[in-house]
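1. I'll drop the sequence and a predicted model, then ask my questions.
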Amino acid sequence: MSAPAAPETGQAPSPSQAAPSTTQSAGAGVLAAAAALATGEVLAALAGTGSSLVLSVGQEVIERVPPGVEDAAIDLFGTADKLVLVIGIVVVSLGLGAALGVAGARRFRIAAAGFALFGALGVAAEASRPGGAPIVAALAAAAGVSAGLVVLRRRLPAPAAVPGAAATVEGVPGTGMRPASPTDPAEVDRRGFLRLAAATAGVAAVAGVVGRGVTRSLGRGTQPSQVTLAPASTPLAAPVPGASFDVEGLSPLFTPNADFYRIDTALVVPGVDLESWRLRVTGMVDRPFELTFDELAALPQVEADITLACVSNQVGGDLVGNARWQGVRLRDLLERAGVQNGATQIVGRSVDGWTGGFPTEVALDGREALVALAMNGEPLPRDHGFPARLVVPGLFGYVSATKWLSEIELTTFEDFDGYWVPRGWSKLGPVETQSRIDVPRFGSRSAAGRMPVAGVAWAPALGISRVEIAVDDGPWNEAVLAEALDIDTWRQWRYDWDATPGRHELRVRATDGIGATQTAERTIPRPGGATGHHTVTVTVVDSE
Ligand SMILES: Nc1nc2c(c(=O)[nH]1)N[C@H]1C(S)=C(S)[C@@H](COP(=O)(O)O)O[C@H]1N2
Ligand SMILES: [Mo]
């Protein structure tokens, strides 16, 4: 009894005939979902409101997933986390399309209801966005759902024409009283494959359109290139030549804007219209006020070199960068507003509702906390917070560095928690002292002999006083430090190593400006930033 459908029984269709029909239905569903997504996205994009159903759903996902998932995504994919999310949403949508195709082959109404439900979810997600465009979204969704259903209707295998078969097909899955296929199964397979290929191409196109929206914004608002800023009233001198070493592969002293890491919860970069943008200083202040961009830019501006680090950065990771920022001192704005007694926390709020908060005293203790308008000599790029953002030396970005800043609110730590705090990250976010080996790279092979080991170390607000390297189980050796740019920036270091053949482990540790040496204890980034020594393993071969 091992063969369920012996050829000689001859009446029921063989399972091999039933199988392609499920595949066909699923394929039709995938194609229909792709058509629905493509139609919805293209229409939404054409409307020019910057809306995208896929991106709105993605934003909902970001805000609703358990914090562990969000952390893991940043950890695994870093700056590419958003692209991965969008691809994931498209893939899941197509999978659901496949399921609806199969269900729709039995009862088309199920598919219709399923498509309509997903359209509605997209509209709901868009409607919940500050600045969302629900009407455009609803029209785009309606068109997308219709397109999907038209495709599904046409692609689904026609209901059986044999008398009585329709009931069987509707009612009892798998009993298969279907008319014999007009074409042979191989032909069906090939067509199914071609459709899937076409669907894949369609999806790639959608992903391309959406992906563009992820990396740039969808064209709303003022472009940074339209802005001309006056130079700082107190500019900084160019860094002394001794501040950087010439070692190939070593991080440049200033991270170019295009290479600067980007971490935020905004799937679509907020497009800010400078005409209507305002910076408000509110809360526990005697004289709340608001400024237009021109008024803000007309205030005295300073330059400051500050290294910005993400709390999610792993030991040895690249979610850290250094820039020369230009902007208005936060202290000046606070003095103008008159901070009231007991206002222990400064909260930065962005145009899209994100918040980060830090102690008021750090803005007043003499460090150069800025409302930055420019980064490395250019107006802030959109990805990095155009038209204005906070930058506070010594604090992780998640508590301090609000991009697309719209409000600075004085409050208390009891009364308010910033975005990441209820998600399990520490309320105070001082940057952990860290050091990183840039060269040689992990897993590299090099010839025996003298070679440079080099990297960067940072302890913003404290500075770096020493960096040491250990090889295997050997002692700590002092590295040579480049001139310090500022206590708020990372500092380059190098160590000339007499590399001997074999596999070696190189370790680095830094000591901050007040004499505290980095702990060897390895901790994960949550809640207060990763600790531990960066270690790279390299292979050294005989030089002949
Ligand atoms: N509006 C807004 N500002 C934000 C964030 C955000 O999600 N939204 N993320 C913060 C975090 S966690 C970091 S590490 C820094 C990163 O700044 P960058 O993307 O310019 O490197 O921005 C901070 N400012
Ligand atoms: Mo971050």
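-> Nice, thanks for sending it over. Numbering: from 1, shown residues only. Ligands and ions are numbered 1, 2, ... in the order given.
2. residue 363 against residue 331, yeah?
-> Yes. Applying C-beta atoms under 8 Å as the test, residue 363 and residue 331 come out as touching, 6.0 Å apart. Every residue, glycine included, has its C-beta placed from N, CA and C.
3. who's more crowded, the two?
-> residue 363 (22 against 17; other C-beta atoms under 10 Å).
4. overlap in contacts of residue 363 and residue 331?
-> Taking C-beta atoms under 8 Å, 6 or more residues apart in numbering as the contact criterion, the common neighbours of residue 363 and residue 331 are residue 369.
5. ok, residue 59 touching residue 125?
-> Yes. Taking contacts as C-beta under 8 Å, residue 59 lies within contact range of residue 125: 6.8 Å.
6. who in the chain is up against ligand 2?
-> 263, 310, 397, 398 (C-beta under 5 Å from the ion).
7. residue contacts, the second one?
-> To tie it back to what came earlier, the one meant is residue 310. Residues in contact with residue 310 (C-beta under 8 Å, 6+ apart) are 74, 261, 263, 319, 320, 396, 397, 398.
8. return the backbone torsion pair for the closest residue to the third one other than its chain neighbours.
-> The reference is to residue 263. On the basis of C-beta to C-beta, 6 or more residues apart in numbering, the spatially nearest residue to residue 263 that is not a chain neighbour turns out to be residue 310, at 5.0 Å. In this entry, residue 310 is assigned phi and psi values of phi -100, psi 140 (degrees, to the nearest 10).
9. go on, residue 382?
-> As for residue 382, its main-chain torsions (degrees, to the nearest 10) stand at phi -60, psi -40.
10. with the one 5 residues further on instead?
-> Summarising the backbone geometry of residue 387 under the convention degrees, to the nearest 10, its torsions are phi -100, psi -10.
11. from ligand 1, how far off is residue 247?
-> Distance, residue 247 to ligand 1, by C-beta to the nearest ligand atom, to the nearest Å: 24 Å.
12. neighbours of that residue, how many?
-> Neighbour count for residue 247, taken as other C-beta under 10 Å: 16.
13. mind listing what it touches?
-> For residue 247, counting by C-beta under 8 Å, 6+ apart, the contacting residues are 439, 452, 454, 494.
14. for it, give me the pLDDT.
-> According to the per-residue confidence, residue 247 scores 97 in pLDDT.
15. and it, which helix or strand is it part of?
-> In the assignment (DSSP states H and E), residue 247 maps to no helix and no strand.
16. can you give me the buried ones in the helix or strand hosting residue 69?
-> Assigning secondary structure by DSSP H and E places residue 69 in helix 67-77. By neighbour count, and taking 16 or more other C-beta atoms under 10 Å as the criterion, the buried residues in helix 67-77 are 70, 71, 73, 74, 75.
17. these two touch, right, the third one and residue 88?
-> I take that to be residue 73. No. Under the criterion of C-beta under 8 Å, residue 73 makes no contact with residue 88, lying 9.5 Å away.
18. give me the pLDDT for the residue in the chain that ligand 1 sits nearest to.
-> When distances are taken as C-beta to the nearest ligand atom, the chain reaches nearest to ligand 1 at residue 397, 2.5 Å away. Predicted confidence (pLDDT) at residue 397: the value is 97.
19. got the contact list for it?
-> Listed by C-beta under 8 Å, 6+ apart, the contact partners of residue 397 are 263, 308, 309, 310, 311, 356.
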